[in-house]
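>>> Test case, fold it:
(chains A and B)
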Amino acid sequence: MSSEKIQKTARKYALQNAVQFNGTANPKAVAGKVIAAFKDENISPNEIYQISGSACLEVNKIPIEQQIAELEKLAPELLKKEKKERDFSLPELPDAEKGKVVTRFPPEPNGYLHIGHAKAAIVDYEYAKMYDGKFILRFDDTNPENAQLEFYDVQKEDLRWLSIEWDEEYNTSDHLEKHYKLAEQLIKQEGAYVCKCPSDAIKDGRFHGKECDCRAVSTEKNLDLWKDMISSSVEGVVLRLKGDMKCVNTAMRDPTLFRIIDTPHPLHGDKYRVWPTYDFAGAVEDSLSGVTHPFRTKEYELRDECYFRLLELLELRKPHLMEFARLSIEGMPVSKRKIKPLIDKGMVSGYDDIRLPTLRGLEKRGILPEAIKQFVLSQGISKVESSVTFSLVEAINRKIIDPIAKRYFFVQDPIKLVVENAPAMKKTISLHPTDKKLGSRIIKTDNIFFVPKTDMKKLNIGGIFRLKDLYNVKIKEKNKVIFAEYAGEELIQDSAKIQWTTDNFIKMSVFVPGLLYQKGNYNPNSLEKVEGFAEEAVSRLKTGEIVQFERFGFVRIEKQNNTIMGFFAHK
RNA sequence: GCUCCCGUGGUGUAGUCCGGCCAAUCAUUCCGGCCUUUCGAGCCGGCCACUCGGGUUCGAAUCCCGACGGGAGCACCA
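Alright, predicted model coming up:
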């Protein structure tokens, strides 16, 4: 390699660096770039350092205007600092082949889906799509005490709302016979044993790494015990993996694989009483259903070893396990454990309370599924635990809604305004400031209006403000009623533009959600009810429409037996 | 207690596997300006970060060791 070429490159980067940093190039930074440029050519870094050093010295001597001019000639592409595009697509999957990726979303049908579920479901679904693969919806209903019939459908509805489609759907509980067979196989291989110890003893043994006597029982005896378990002649026994009771990973200390639960199953009634645990069912189902890249949250990481051990013993294919951090949003609890008592005590209205991060709650307050998807994808699949502010979701939602939401007037805390010499008008006002295709409404005005009290407080007698989209008004008297006079239609740049209603208004309440939890404590003031008057056209809106009340915020409309109300999404 | 995982601005994230085109990405928040018949949106600008200490190297956000901090698991829940 000719040193001439190196010199040229060094000059180029020195100029760029200098231009970028007020005319002074930094030799180290320049050398880095030069080295990177000649990476494959086996040049000693020392040599490059020298060349870059002198290049910088020379470049730093000339004034910045000249630097720019020279760079312009030499390498104009380096002049503009190109903006690096950041795409929000998911990173490549390891060992993934187009058309052969299979993912799965395995919820337990025991409640409404929340934003955390949405993250898992969206990631799974998007990966399947990205690789032209298959996405499976699997109900992990292996605990009859938890599974409830209604939630199979509820969760599917929630997924559909997110516009997630699945290629295949099944229940783990439909595969119990297969699980029994595998368990039997495992016992025969001396990979599992029936344990009669009480749960406290098992817990204690696992904690201290002590084996129990059940472990030493013969295979034949174990098989008999297992059959007894299934045929319901024994109580209080479990099937355990013969792991390693001394293993530092406590998950490997003979975890329970099957246990007896006599509660009837919502789908199978009392047909079965022996049920696989998550460790067994999860691993077996992932493998058998052909899943290539199962995702789960990282609190399962220690169970990976158990997952693979089981599959190895059973001689089943091992999928590529992936783990990511749980999604948590500041001030919004996701766990059922936390939400349930709030509902029971009436502190929130239900699973669709607008303060909750359930999909139903988010929907109710006007967050679009597309916003949730973009939000989830922007979070990525790292293992860093973090607590996100909801304003991130709001910002995304706002960008989507703003161009399509119709604008209306809603007057919070209204005060009456009487305008002298008011011309009676029939004014056509458009429903969106830029997109005229969204249409308009016609408002008939006389001399009576209602405007927000807080705005009036800020204005003095003699002050002029504009009834937005209508005309100017000059304040004459401020009392329980504001008296003003008509002050022309011409637009005054710096005057306040204030939303209004005529006396043909509708009363309505808007519910504004706040943080349910603040510093870990329940916030009793987390829901605010704002009363006010809305313009008459609002009464014709339908449930589910998301509009912007000008100078107030985006609101989702809901009608419940003749009363109309709003749920505040965000500013 | 033991083990594992994680540590990039106020917040979230990219980059870490495979050291140099990283004086560190893109958002969001906050602050300022422009624009606007909304306190919204848009546009422009600003603030602000590789947890710390050692090591390896010509060169470390990236590799190694240690400390510190946070989280998780040690269920017959998933």
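>>> Remind me what the strand or helix carrying residue A:55 packs against, helices and strands.
In the assignment (DSSP states H and E), residue A:55 maps to helix A:45-61. Where contact means 3 or more C-beta pairs under 8 Å, 6 or more residues apart in numbering; DSSP states H and E, helix A:45-61 is packed against helix A:3-20, helix A:27-37. Any C-beta I mention is one placed from the backbone N, CA and C, and that applies to glycine too.
>>> Any part of that helix near RNA strand B?
Yes - using C-beta under 7 Å from any atom of the strand, we find that helix A:45-61 touches RNA strand B at A:45-46, A:49.
>>> Same check on stretch A:503-510?
No - against RNA strand B, stretch A:503-510 shows no contacts by C-beta under 7 Å from any atom of the strand, the least distance being 14.6 Å.
>>> who in the stretch 151-300 of chain A is up against RNA strand B?
By C-beta under 7 Å from any atom of the strand, the residues of the stretch 151-300 of chain A that approach RNA strand B are A:197-199, A:202-203, A:206-207, A:236, A:238, A:248-251, A:253, A:255-256, A:259-261, A:275, A:277-278, A:282, A:298-300.
>>> and which of the residues of helix A:45-61 next to RNA strand B is nearest to residue A:222?
Closest approach to residue A:222 among those (C-beta to C-beta): residue A:45, at 65.6 Å.
>>> List the contacts of the closest one.
A:31, A:35 (C-beta atoms under 8 Å, 6 or more residues apart in numbering).
>>> Point me to the residue of chain A nearest RNA strand B.
Nearest to RNA strand B in chain A, going by C-beta to the nearest atom of the strand, is residue A:26, at a distance of 2.3 Å.
>>> I'd say that residue and residue A:55 touch.
No - using C-beta atoms under 8 Å, residue A:26 makes no contact with residue A:55, being 11.6 Å away.
>>> Quick check: buried residues in the helix holding residue A:55?
A:48-53, A:55-56, A:59-60 (16 or more other C-beta atoms under 10 Å).
>>> Please spell out which residues along the helix or strand that it is followed by are buried.
Per DSSP H and E, the first helix or strand lying C-terminal to helix A:45-61 is helix A:64-74. Neighbour counts over helix A:64-74 (16+ other C-beta under 10 Å) mark A:67, A:70-71 as buried.
>>> Just send those residues back as CSV, with distance to residue A:487 and pLDDT too.
Written out in CSV, the entries for the buried residues of helix A:64-74 read as follows (distance: C-beta to C-beta, whole Å; pLDDT from 0 to 100):
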residue, distance to residue A:487, pLDDT
A:67, 58, 87
A:70, 61, 89
A:71, 58, 87
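>>> does residue A:552 really touch residue A:412, like I thought?
Yes - counting by C-beta under 8 Å, residue A:552 sits close enough to residue A:412 to count as a contact (6.4 Å).
>>> Comparing these two, which shows the higher neighbour count?
Taking neighbours as other C-beta atoms under 10 Å, residue A:552 and residue A:412 compare with residue A:552 leading, 22 against 18.
>>> mind listing what that one touches?
Contact analysis of residue A:552 by C-beta under 8 Å, 6+ apart lists A:410, A:412, A:499, A:510.
>>> show me what contacts the third one?
Under the criterion of C-beta under 8 Å, 6+ apart, the neighbours of residue A:499 are A:409-411, A:451-452, A:468, A:549-552.
>>> That one - nearest residue in space that isn't next to it in sequence?
Nearest residue to residue A:499, sequence neighbours excluded (C-beta to C-beta, 6 or more residues apart in numbering): residue A:409, at 4.1 Å.
>>> Assign a three-state SS to the most centrally placed residue in chain A, would you?
For chain A, residue A:376 is the residue whose C-alpha lies nearest the centre (C-alpha atoms, centre = their mean; 4.0 Å). Secondary structure state of residue A:376, per DSSP: H, G, I helix; E, B strand; the rest coil, is helix.
>>> and what of residue A:104?
Per three-state DSSP, the local secondary structure of residue A:104 is strand.
>>> cool, and the one 3 residues further on?
Secondary structure of residue A:107, reduced to three states by three-state DSSP: coil.
>>> is it true that it touches residue A:117?
Yes - using C-beta under 8 Å, residue A:107 is in contact with residue A:117, at 6.0 Å.
>>> between these two, what contacts are shared?
Common neighbours of residue A:107 and residue A:117 are listed as residue A:155 (criterion: C-beta under 8 Å, 6+ apart).
>>> ok so, going back, spit out the residues that contact residue A:552 and residue A:412 alike.
residue A:510.
>>> So residue A:318 belongs to a strand, correct?
No - the assignment for residue A:318, made by three-state DSSP, is coil rather than a strand.
>>> got a list of what it touches?
Residue A:318 is in contact with A:287, A:308, A:311-312, counting by C-beta under 8 Å, 6+ apart.
>>> quick check: domain ranges of chain A?
Domain assignment for chain A, taken from automatic domain parsing, gives A:3-78, A:97-324, A:338-401, A:411-431+A:439-502, A:505-570.
>>> Could you pull up the mean pLDDT of the strand or helix carrying residue A:473?
If you go by DSSP H and E, residue A:473 is part of strand A:472-478. On average, the pLDDT along strand A:472-478 is 95.
>>> Check which helices and strands it sits against.
Using 3+ C-beta pairs under 8 Å, 6+ apart, strand A:472-478 sits against strand A:414-420, strand A:464-467, strand A:481-486.
>>> how many degrees apart are the longest one and strand A:472-478 in direction?
To tie it back to what came earlier, the one meant is strand A:414-420. Calculated by axes from the mean of the first three to the mean of the last three C-alpha atoms, to 10 degrees, strand A:414-420 forms an angle of 110 degrees with strand A:472-478.
>>> Help me see whether strand A:414-420 makes contact with RNA strand B, please.
No - using C-beta under 7 Å from any atom of the strand, strand A:414-420 stays clear of RNA strand B, coming no nearer than 12.9 Å.
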